[in-house]
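**Q** Build the 3D model from these lines:
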Amino acid sequence: MSLEKIVQSALAEQPIEMKEAFAEAMQERIAMALEEKYKKMAKESDDMEDEDEDDSDDEEDDSKDDKKKKDDDEDEDEE
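**A** Numbering: from 1, shown residues only. Prediction:
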């Protein structure tokens with residue numbers, strides 16, 4: 001891990017190498033954190049889309065039921 005490289009550079013009094021090792025370690029940690037956050041957001045987005053699809057299916061079923069009921073009511077009125 002880069003942490004060992006940072007400590008070795010610091011003990012050997014090599015500030016440039018320490019700075020580079022530190023920057024590399026920070027870049028890796030930030031990249032991992034951003035990747036995890038992206039995955040979490042993508043999963044939440046997929047979950048929300050699934051819920052929206054379920055809701056739209058229910059609305060379609062309701063509109064079909066309403067139309068059928070209206071047609072039935074019109075048939076009764078004609079008789």
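
**Q** which residues of this structure score low on pLDDT?
**A** Low-confidence segments of the chain (pLDDT under 70): 1-2, 54-79.

**Q** and residue 13, backbone torsions?
**A** With angles defined as degrees, to the nearest 10, residue 13 sits at phi 60, psi 50.

**Q** OK, contacts around it?
**A** For residue 13, the contact set (C-beta atoms under 8 Å, 6 or more residues apart in numbering) is empty. Using the backbone N, CA and C atoms, a C-beta is placed for each residue, glycine as well.

**Q** Pull up the gap between it and residue 20, please.
**A** Using C-beta to C-beta, to the nearest Å, we find residue 13 at a distance of 15 Å from residue 20.

**Q** How about residue 31?
**A** To residue 20, residue 31 is 16 Å away according to C-beta to C-beta.

**Q** more crowded one of the two?
**A** Counting neighbours by other C-beta atoms under 10 Å for residue 31 and for residue 20 shows that residue 20 has the greater number, 15 against 10.

**Q** could you say which helix or strand contains that one?
**A** Assigned by DSSP states H and E, residue 20 falls within helix 15-78.

**Q** before we move on, what about residue 10?
**A** Going by DSSP H and E, residue 10 is in helix 2-11.

**Q** who's in contact with that helix?
**A** Contacts to helix 2-11, defined as C-beta under 8 Å, 6+ apart, come from residues 15, 17, 18, 21, 22, 24, 25, 28.

**Q** The second one: neighbour count?
**A** Using other C-beta under 10 Å, residue 17 is surrounded by 15 other residues.

**Q** which residues touch it?
**A** 5, 9.

**Q** Swap in 10 Å and give it another go.
**A** 5, 6, 8, 9, 10 (C-beta atoms under 10 Å, 6 or more residues apart in numbering).

**Q** next one: the first one
**A** Under the criterion of C-beta under 10 Å, 6+ apart, the contact partners of residue 15 comprise residue 9.
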